[in-house]
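Visitor: this is a predicted model, with the sequence first.
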Amino acid sequence: QVQLIESGGGLVQAGDSLRLSCLASGGSVSSRVMGWFRQRPGKERDFVTGIGGSGATAYEDSVKGRFTIWRHNANNTVYLQMNNLKPEDTAVYYCAARTSTWTVRRSRDDYEYWGQGTQVTVSS
């Protein structure tokens, strides 16, 4: 059973940066697809970015060029660097893991394991 623990959320101003971390236990981040999703108030949980076993990444259009996902295998941690944050980035951010090794999927239904979420609030 993979357990995921997110950290790094907080309250920032527009234009600031934050780095989220997702520490995994019970399984290796290097051997599975890892993703970040977010859920804005009153909205569904949406795909933000993911990284596959080969290192291939995918991003939702609104975060391209601002957000970066990577993993540190020795720390068994996946990171999400968020730059130039905007008020519309305000959401609870969730780390997710697939059993699959290779293909990054954008549907939350394709991810079997989830963290508890971390709040990111961006003020204007």
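Guide: All right, it came through fine. Bear in mind that the values here come from a model prediction, so they are computed numbers and not experimental data. Numbering: from 1, shown residues only.
Visitor: distance check, the residue most central in space within the chain against residue 124.
Guide: Geometric centre of the chain, nearest residue: residue 36, 2.2 Å, by CA atoms, centre = their mean. Look at residue 36 and residue 124: by CB to CB, to the nearest Å, they are 23 Å apart. The C-beta positions use only the backbone N, C-alpha and C, and glycine is treated the same way.
Visitor: how about residue 105?
Guide: Taking CB to CB, one finds residue 105 at 33 Å from residue 124.
Visitor: neighbour count winner among the two?
Guide: More crowded of residue 105 and residue 124, by other CB atoms under 10 Å: residue 105, with 17 against 9.
Visitor: I'd say that one and residue 111 touch.
Guide: Yes - judged on CB atoms under 8 Å, residue 105 makes contact with residue 111 at a distance of 7.4 Å.
Visitor: so what sits against both of those two?
Guide: Here residue 105 and residue 111 have 33, 35, 98 as joint contacts, going by CB atoms under 8 Å, 6 or more residues apart in numbering.
Visitor: who wins on neighbours among these?
Guide: Counting by other CB under 10 Å, top hit in those: residue 35 with 29 neighbours.
Visitor: residue contacts, that one?
Guide: 47-51, 95-98, 104-105, 111.
Visitor: which SSE is it in?
Guide: strand 34-39 (DSSP states H and E).
Visitor: pull that strand out as CSV, backbone CA atoms only.
Guide: What follows is strand 34-39 as a C-alpha-only set of coordinates in CSV (Å, rounded to 0.1, in the frame of the first residue of the first chain):
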residue,chain,number,x,y,z
MET,A,34,3.2,10.2,-10.3
GLY,A,35,0.8,13.1,-10.7
TRP,A,36,-0.4,16.3,-9.1
PHE,A,37,-4.1,17.3,-9.2
ARG,A,38,-5.9,20.3,-7.7
GLN,A,39,-9.4,21.0,-6.6
